[in-house]
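> model this:
(one chain, ligands or ions: 1)
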Amino acid sequence: MGINHLASYQTMGLGKEWSYTILACFACAAFLTLWTRKPLKSIPMPNGASVLWGHEKTVFDMSAGMAYAQWLKELNTSVLKIRGALGKPDLLVLADPFAVTYILQRRIYDYPHSEVVRPRIGRLLGKSLGWVEGEKEHKRMRQLVAASLSPEAIRNSAYNVHAAADTLQERLEAHLADKNGDNIINTIDWTNQATLDVIGRFAFTHDFGGGINQEAISILGAWRNMAKVGISRKGFLVLMVLRRFPFLNHLPLEALMAQGNVRSTIRDGIAKELIRRSQRLPGESTDDNSLLSRLVSAHQAQLISMDELMDHVSSETSSQTLGYALWELAKDPKRQSQLREECLAYSGHLSYDDSQTKLPYLDAVIREVVRLHPALAYMERVSVKEDVLPIRHPLQAPDGQELKNIKISAGQTIVIPIHAINRMDTIWGDGSVFRPERWLEDLPARDILFSGWSNVLSFSDGPRNCVGTRLALFQMKVLLMTLVRRFEFQDTGSVIINKIASSMQPTVQGKEELGPYLPVAVVTL
Ligand code: HEM
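Sure, this is the predicted structure:
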């Protein structure tokens, strides 16, 4: 190990002694791993693993999700393994529909989040629905949250989404009138403000002032700092070290503290106040079905803790997806006009029911953006016991035999490369192309499609799929419709490289130091 790597650990805030401890741990771990490395021996592996970082540095260096796509294509396989960083045992990468469906739909409680993802969710969002593991506990939390995100709940609260969309429109109009010519915006900033505004109004009956009042600035600022650290080289090092040595999760590292800051900003800043306002006397009846109201009632009935209660202000995923929608449309003026025409032909605010059927092109655009730009580029899970995974596409073992399933041992880390799966040419023909029309044509043959919402994995699948899917889709439709009716979006020519900090973060090539940035030019119509 060279001096530079030692220096890198020190810049993470670990200090010299810790750095030496980690290096010693690494040396032992690497030795043990190489000595005991037996499982997955018939699974293909790409070339190019480095001794120190395995294949994981390549995954980090390339635009998010691309390395998996490249390896799956090169090896002409739907299952592969990659070398883990710092001597971590090989990771199994699954892009096979049978294996993925088996895990997500049938055995999800045997495949909890990996040891690095779970503490991260805990730090970011607290011990909320996304964090909880175990069937009983998860079902309890899920039931609690799901009713507040049902079609009925969204139908009844659609006016909140409309109010946030109107505010966004007014603010952008004012910004463009004011700036006089400076019309390039970072879409992510604007969509972050709008989706925070939606979740505040929808779930917490709380006004974030269009996403720009002091509370909103603190929350979005904390998210941004977390993302900036997460996408940096330092963030990668921390992630790899934590994954290899989970006990380090409890150290005061800057990258971890940045995640913790997001949560404490939410907790200390607004969550307490929201709860205080919503407290009602025990036994007092209510037909209020809002998320906050249900959580507060559950808290009073001691069904969930104060911690669990404070963990539901999250809107980043919808914001990023919406940002990518504007960026794709900016690069494709013809399709943008087609969408505008359809949206202008619909008068007034979009109702939840109409959003399901009345605007087919808007629906197709949203499906296409969700497919091409999944907010989570991949999911990591760990098997709790030995298992045999079914696969649709048999593998060729080195001895020439056909493998029709994969034996895995307890503790096996599994990567489900959502981004690569969603773009597979073997399913879509032109998987990397933005072509909303594919959703208006016949879909590919059923037996090659994955399951999950709209046959893509962006909202995951099975009992732990995204419980907020309906709200996410409705708000993205309303916000996008509002924007394209009033503004034209134009390409700036910037090359976008996607990075990951919990979720997908677009950056401009050569300007990565700016953090998440997805520029488009905007003109008021
Ligand atoms: C485009 C927007 C969104 C995308 C792409 C998305 C994607 C996902 C994915 C992939 C998961 C599974 C994560 C895993 O198991 O590791 C998930 C879970 C979850 N999502 Fe979303 N999400 C979005 C918006 C939302 C919204 C708006 C809400 C709530 C208001 C929400 C709430 C949740 C919750 C609570 C879970 C955990 C569910 C469980 O474990 O049972 N999401 N989401």
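
> Following element in sequence after the helix ranked longest in the chain, please.
In the chain, taking DSSP state H as the definition, the longest helix is helix 151-179. Downstream of helix 151-179, the next assigned helix or strand under DSSP states H and E is strand 184-186.

> could you say what helices and strands that next one packs with?
Identification of packing neighbours for strand 184-186 by 3 or more CB pairs under 8 Å, 6 or more residues apart in numbering; DSSP states H and E yields strand 519-524. No exception for glycine: its C-beta is placed from N, CA and C like everyone else's.

> May I have the strands that pair with the longest strand belonging to the chain, each with its orientation?
The residue-count maximum for a strand in the chain (DSSP state E) belongs to strand 387-396. Its sheet considered, strand 387-396 pairs with strand 402-408 (antiparallel) by DSSP bridges.

> Okay, buried residues for the strand it pairs with please.
Ile406, Ile408 (16 or more other CB atoms under 10 Å).

> repeat for stretch 491-510
494, 497-508.

> Likewise for stretch 477-493?
Buried, per 16+ other CB under 10 Å, within stretch 477-493: 477-484, 486-490.

> now swap in stretch 360-372 and tell me
Buried residues in stretch 360-372, counting neighbours by 16+ other CB under 10 Å, are found at Tyr361, Leu362, Asp363, Ala364, Val365, Ile366, Arg367, Glu368, Val369, Val370, Arg371, Leu372.

> Tyr111 reaches Val384, doesn't it?
Yes. Using CB atoms under 8 Å, Tyr111 is in contact with Val384, at 7.3 Å.

> The two - which one has more neighbours?
Relative neighbour count places Tyr111 above the other of Tyr111 and Val384, with 22 against 15, counting by other CB atoms under 10 Å.

> Stretch 95-108 close to the ligand?
No. Counting by CB under 6 Å from any ligand atom, the ligand is not contacted by stretch 95-108; separation bottoms out at 8.4 Å.

> For that stretch, C-alpha coordinates in CSV please.
The C-alpha coordinates for stretch 95-108 follow below in CSV (Å, rounded to 0.1, in the frame of the first residue of the first chain):
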residue,chain,number,x,y,z
ALA,A,95,-29.4,-9.1,-14.1
ASP,A,96,-31.3,-12.3,-14.6
PRO,A,97,-35.1,-11.9,-14.4
PHE,A,98,-35.8,-15.2,-12.5
ALA,A,99,-33.1,-14.5,-9.9
VAL,A,100,-34.1,-10.9,-9.4
THR,A,101,-37.8,-11.7,-9.1
TYR,A,102,-37.0,-14.6,-6.7
ILE,A,103,-35.1,-12.3,-4.4
LEU,A,104,-37.3,-9.3,-4.5
GLN,A,105,-40.7,-11.0,-4.6
ARG,A,106,-40.4,-14.3,-2.9
ARG,A,107,-37.4,-14.1,-0.5
ILE,A,108,-37.0,-10.5,0.3
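
> Give me the contact list for that stretch.
68, 72, 78-79, 94, 111, 381, 387, 389-393, 406, 414, 416-417, 420-421, 424, 448-452, 457, 460-465 (CB atoms under 8 Å, 6 or more residues apart in numbering).

> Show me which residues of this structure sit near the ligand.
Residues of the chain lying close to the ligand (CB under 6 Å from any ligand atom) are 113, 129-130, 142, 145, 199, 317-318, 321, 374-376, 379, 458-460, 464, 466-468, 471-472.

> Next, the contact list for the closest residue in space to Lys407 that isn't next to it in sequence, please.
The shortest distance from Lys407 to any non-neighbouring residue, by CB to CB, 6 or more residues apart in numbering, is to Val388 (5.6 Å). Shown in contact with Val388 (CB under 8 Å, 6+ apart): Asn405, Ile406, Lys407, Ile408.

> ok now do the last one, which residues does it touch?
Remark: with contacts taken as CB under 8 Å, 6+ apart, Ile408 is in contact with Pro39, Leu40, Leu92, Ser383, Glu386, Asp387, Val388, Leu389, Ile414.

> go again using 7 Å as the cut-off
Applying CB atoms under 7 Å, 6 or more residues apart in numbering, we find Ile408 in contact with Pro39, Leu92, Ser383, Glu386, Asp387, Leu389.

> doesn't Asn405 make contact with the last one?
Pointing back at Leu389 there. Yes. When contacts are counted by CB atoms under 7 Å, Leu389 is listed as touching Asn405 (6.0 Å).

> what about the strands in the stretch 351-500 of the chain?
With strands called from DSSP state E, counting those that start in this stretch, the stretch 351-500 of the chain shows them at 379-382, 387-396, 402-408, 413-416, 487-490, 496-501.

> circling back: which one among the contacts of Ile408 gets closest to the ligand?
The closest of the contacts of Ile408 to the ligand turns out to be Ser383 (CB to the nearest ligand atom; 15.1 Å).

> That closest one against Gln412, yeah?
Yes. With contact defined as CB under 7 Å, Ser383 reaches Gln412; the gap is 4.6 Å.

> of these two, who's got more company?
Ranked by neighbour count (other CB under 10 Å), Ser383 and Gln412 place Gln412 first, with 24 against 20.

> Go ahead and confirm the more buried one touches Leu92.
Yes. At 5.9 Å, Gln412 counts as touching Leu92 under the criterion of CB under 7 Å.

> For whichever residue of the chain sits closest to the ligand, give me phi and psi.
Residue of the chain nearest the ligand, by CB to the nearest ligand atom: Gly468 (2.1 Å). Backbone torsions for Gly468, taken as degrees, to the nearest 10, come to phi -100, psi 10.

> Spatially, what comes nearest to it if we skip its sequence neighbours?
Excluding the flanking residues, the one nearest Gly468 by CB to CB, 6+ apart is Leu149, at 5.5 Å.

> again with Pro444
Nearest non-adjacent residue to Pro444, counting by CB to CB, 6+ apart: Ile427, 5.5 Å away.

> OK, contacts around the one you found?
Contact analysis of Ile427 by CB under 7 Å, 6+ apart lists Pro444, Ile448, Leu449.

> Of all the strands of the stretch 351-500 of the chain, which one is nearest Ser355?
strand 487-490 (20.2 Å; CB to CB).

> quick one: contacts of the closest one?
By CB under 7 Å, 6+ apart, strand 487-490 touches Leu172, Leu326, Leu329, Ala330, Gln336, Val520, Ala521, Val522, Val523, Thr524, Leu525.

> State the mean pLDDT of it.
On average, the pLDDT along strand 487-490 is 98.

> Starting from it, tell me which strands it pairs with and how they run.
strand 519-524 (antiparallel).

> CA-only coordinates of the strand it pairs with in CSV, if you can.
C-alpha atoms of strand 519-524 as CSV (Å, rounded to 0.1, in the frame of the first residue of the first chain):
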residue,chain,number,x,y,z
PRO,A,519,-28.0,22.7,-16.4
VAL,A,520,-30.7,23.6,-19.0
ALA,A,521,-31.5,26.9,-20.5
VAL,A,522,-35.1,28.1,-20.0
VAL,A,523,-37.2,30.6,-22.0
THR,A,524,-40.7,31.8,-20.9
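
> Just the buried residues of it, please?
Pro519, Val520, Val522.

> That strand to helix 151-179, inter-axis angle?
Angle of strand 519-524 versus helix 151-179, following axes from the mean of the first three to the mean of the last three CA atoms, to 10 degrees, is 80 degrees.

> and strand 519-524, how far from the chain's centre?
25 Å (CA atoms, centre = their mean, to the nearest Å).

> quick one, it and strand 496-501 angle?
Per the same axes, to 10 degrees, the angle that strand 519-524 makes with strand 496-501 is 110 degrees.

> contacting residues around strand 519-524?
The contact list for strand 519-524 (CB under 7 Å, 6+ apart) reads 172-173, 176, 183-187, 326-327, 330, 486-490, 492, 494, 508.
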